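> Sequence first, predicted model second:
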Amino acid sequence: MTFMKSLFFQIIAAVIIGIGVGILWPDLGSLLQPLGTGFIKLIKMLIAPLIFMVIVTGIAKMGDLKSVGRIGLKAILWFELATTVALVLGLCTANLLRPGAGMNVDPATIDASGIEAKTKGSELPHTVDFIMNIIPTSVVDAFAQNALLQVLLVACMFGVALAATESKAKENVLNLVEQLLGIVFRMIGYIMKLAPVGAFGAMAYTVGAYGASTLSSFGLLILACYGAALLFLLLLALAAWWITGLNFMQFVRYTRSEVMLAIGTGSSEVVMPRMMDKLTKAGCDRAVVGLVVPTGYSFNLDGASIYLSLATVFVAQAVGIDLTLGQEITILLVLMLSSKGMAGVPGSAFLALSATAAAVNAFPVAAVALLLGADRFMDTMRVFTNLMGNCVATFVVARWEGLLDQKRMRAVLSGEISAAELEAEEKAERSALKLNLREKQSQSLAAPEVL
């Protein structure tokens, strides 16, 4: 009975019902998109302030600008290593399984108009533009646009400035931010009660709008992508165990509700707040979590990297082109750059694929439209792999910085510390924070006035 009341069970049930509605009543399923979209928007509206407050409190308590720089540098190095492995794995899988071989598609018969609708006229930013776009037009604009890297920059600057402040204002501001952070997490808790509704709507729409017939048309491509992702996750789990002692399967079980919600809605951003909270409770320092997770959403798209490299070779095979080693190296280099600017850009996968096709110049760019039908069914693979990649990166960077409590990590993931105990700890921390604030207010009122 307790299991049936759990969020995990409710989301699974909602996803299954959504699939049933999409198959039996596809027209109705196509109309249910607002349920999933509305839920995602509710969560996204809190992500920017959440990231800001988590990073500010983490850096202010750390009080060391050099540590912040080290964390950022180590995170970027890990991201680059992980995405390179993912890209190479995608290329190797495509060459081994050859999912597009024998299709013999004539590029002249392909209708490329769907790509324009998918991308909405957007384009991936060039390297210089991408770097310059990290600097917001104004502080307010960064939050209004929900631009995570811009919010990250503002939060780091504010946190460093607050850490360098010696006056009593530092304690007051820090206490205020921590109080607000607790309120934001409570708001997220309220919104998460609607998670089953959001997962139901998103899944019903996906199956109703795209249909299950796509699975048979692109079966080998989908199988290749999921197989490559599974191998990548195995390598990731081994690396995490070797560096941090992390039991990957225990972590998946620990975050099963968030994983199912991300899969059901097709968005990893929707679980970012909950994942950040769970990573902190599992022994990762708050500053590391605040810096690594949001940055990873732009720089560490492992699942997308596997799909992009594999899909590019698939399209070439489908139109009867055998790529040379030099052309595949070009694909690798182009995707290493273009995959970093994908976050937040509509139809970014098709933009990256189109840019890669143009750079290789081995097959018509219009041939990328072959993937329009299969793309949505790759979301489960991309979302789960991206999500796990960022979580593992957080554990690894925290371990490298000596900011991972491994004893607590093992206790939380093995269930020695239960969910109820974690919640009790959180309530105790909030109570202690309130008590501390009241004491400081009392001391301030009791202090003699200085003329």
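Structure's in. What do you need?

> where along the stretch 51-200 of the chain do the helices fall?
With DSSP state H, counting those that start in this stretch as the criterion, the stretch 51-200 of the chain has helices at 65-97, 113-119, 127-132, 139-144, 148-164, 169-192, 195-210.

> Tell me which residues of the fourth one come out buried.
So the one you mean is helix 139-144. Buried residues in helix 139-144, counted by 16 or more other CB atoms under 10 Å: 142-143. Where you see a C-beta, it was placed from the backbone N, CA and C, and this is true even at glycine.

> Same question for the first one.
Residues of helix 65-97 classed as buried under the neighbour-count rule (16+ other CB under 10 Å) are 67-68, 71-72, 74-76, 78-79, 82-83, 85-94, 97.

> Per-residue pLDDT of the closest residue to Ile43 other than its chain neighbours, please?
In this structure, Ile43 finds its nearest non-sequential neighbour in Val270, 4.7 Å apart by CB to CB, 6 or more residues apart in numbering. In this prediction, Val270 carries a pLDDT score of 85.

> Doesn't Val270 belong to a helix?
Yes - assigned with DSSP: H, G, I helix; E, B strand; the rest coil, Val270 falls within a helix.

> Give me the neighbour count for it.
29 (other CB atoms under 10 Å).

> was I right about Leu32 contacting Tyr205?
Yes - counting by CB atoms under 8 Å, Leu32 touches Tyr205, with 5.2 Å between them.

> Could you check which of those two has the larger neighbour count?
Between Leu32 and Tyr205, Tyr205 has the larger neighbour count (other CB under 10 Å), namely 26 against 23.

> For the residue lying closest to the more buried one once chain neighbours are set aside, the count of nearby residues, please.
Nearest non-adjacent residue to Tyr205, counting by CB to CB, 6+ apart: Gln33, 4.1 Å away. Close neighbours of Gln33, defined as other CB under 10 Å, add up to 16.

> gap between Gln33 and Ser338?
28 Å (CB to CB, to the nearest Å).

> again, but for Tyr254
Counting by CB to CB, the gap from Tyr254 to Ser338 is 34 Å.

> quick one, phi/psi of Cys284?
phi -80, psi 140 (degrees, to the nearest 10).

> Now do the contacts for it.
Cys284 is in contact with 394-395, 398, 403-404, 409, counting by CB atoms under 8 Å, 6 or more residues apart in numbering.

> List the beta-bridge partners for it.
Assessed by DSSP bridges, Cys284 has beta-bridge partners Leu404.

> coming back round to it: neighbour count and distance to Ala229 added to the contacts of Cys284, as JSON lines?
Putting those into JSON lines (neighbours: other CB atoms under 10 Å; distance: CB to CB, whole Å) gives the following:
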{"residue": "Thr394", "neighbour count": "28", "distance to Ala229": "20"}
{"residue": "Phe395", "neighbour count": "26", "distance to Ala229": "19"}
{"residue": "Ala398", "neighbour count": "26", "distance to Ala229": "24"}
{"residue": "Leu403", "neighbour count": "19", "distance to Ala229": "29"}
{"residue": "Leu404", "neighbour count": "24", "distance to Ala229": "26"}
{"residue": "Met409", "neighbour count": "25", "distance to Ala229": "25"}
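
> rank the helices of the stretch 51-200 of the chain by pLDDT, which is bottom?
Of all the helices of the stretch 51-200 of the chain, the minimum mean pLDDT falls on helix 113-119 (a mean of 56).

> Heading C-terminal from the helix or strand bottoming out on mean pLDDT in the chain, find the next helix or strand.
Using mean pLDDT, DSSP states H and E, the weakest-scoring helix or strand in the chain turns out to be helix 213-217, at a mean of 53. Using DSSP states H and E, the helix or strand that follows helix 213-217 in sequence is helix 219-244.

> next helix or strand past that following helix?
helix 248-254.

> And that next one, what does it pack against?
helix 219-244, helix 379-400, helix 406-414 (3 or more CB pairs under 8 Å, 6 or more residues apart in numbering; DSSP states H and E).

> quick one: the longest one to helix 406-414, angle?
If you take axes from the mean of the first three to the mean of the last three CA atoms, to 10 degrees, helix 219-244 sits at 140 degrees to helix 406-414.

> elements contacting helix 219-244?
helix 65-97, helix 248-254, helix 302-318, helix 379-400.

> In it, which residues are buried?
Applying 16+ other CB under 10 Å to helix 219-244 flags 220-222, 224-229, 232-233, 236-237, 239-240, 243-244 as buried.

> What of stretch 161-173?
Going by 16+ other CB under 10 Å, stretch 161-173 has these buried residues: 162-163, 170, 173.

> and those as CSV, adding distance to Ile47?
Listed next are the buried residues of stretch 161-173 as CSV, based on distance: CB to CB, whole Å:
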residue, distance to Ile47
Leu162, 21
Ala163, 23
Lys170, 26
Val173, 22
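
> nearest to Ile417, of these?
Ala163 (30.0 Å; CB to CB).

> What's the separation between the closest one and Ala204?
Ala163 is 48 Å from Ala204, by CB to CB.

> Equivalent analysis for Ala13, please.
For Ala13 relative to Ala204 (CB to CB), the value is 13 Å.

> just Leu337 next, same as before
37 Å.

> Quick check on those two: which one has the bigger neighbour count.
Neighbours per residue, other CB under 10 Å: of Leu337 and Ala204, the larger number sits with Ala204, 30 against 15.

> I'd guessed the more buried one sits against Gly29; true?
Yes - the pair Ala204 and Gly29 qualifies as a contact (CB under 8 Å) at a distance of 3.9 Å.

> Can you check which residues contact both of the two?
18, 21-22.

> Name the helix or strand for the nearest residue to Ala202 once chain neighbours are set aside, please.
Among residues not flanking Ala202 along the chain, Gly36 sits closest, at 2.9 Å (CB to CB, 6+ apart). In this assignment (DSSP H and E), Gly36 forms part of helix 33-62.

> One more: Ile12?
helix 7-24.

> Contacts for that helix, please.
So helix 7-24 is contacted by 3, 28-29, 32, 192, 195-197, 199-209, 212, 256-257, 260-261, 263-264 (CB under 8 Å, 6+ apart).

> Filter those down to the buried ones.
Looks like these have 29, 32, 192, 195-197, 199-209, 257, 260-261, 263-264 buried, using 16+ other CB under 10 Å.

> picking up where we left off before, could you dump the shared contacts of Ala204 and Gly29 to JSON lines with pLDDT and neighbour count?
Shown next, in JSON lines, are the shared contacts of Ala204 and Gly29 (pLDDT from 0 to 100; neighbours: other CB atoms under 10 Å):
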{"residue": "Gly18", "pLDDT": "85", "neighbour count": "27"}
{"residue": "Val21", "pLDDT": "85", "neighbour count": "20"}
{"residue": "Gly22", "pLDDT": "82", "neighbour count": "23"}
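
> Tabulate the residues you listed (JSON lines), appending distance to Asp277.
JSON lines is the format used below for the shared contacts of Ala204 and Gly29 (distance: CB to CB, whole Å):
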{"residue": "Gly18", "distance to Asp277": "26"}
{"residue": "Val21", "distance to Asp277": "31"}
{"residue": "Gly22", "distance to Asp277": "31"}
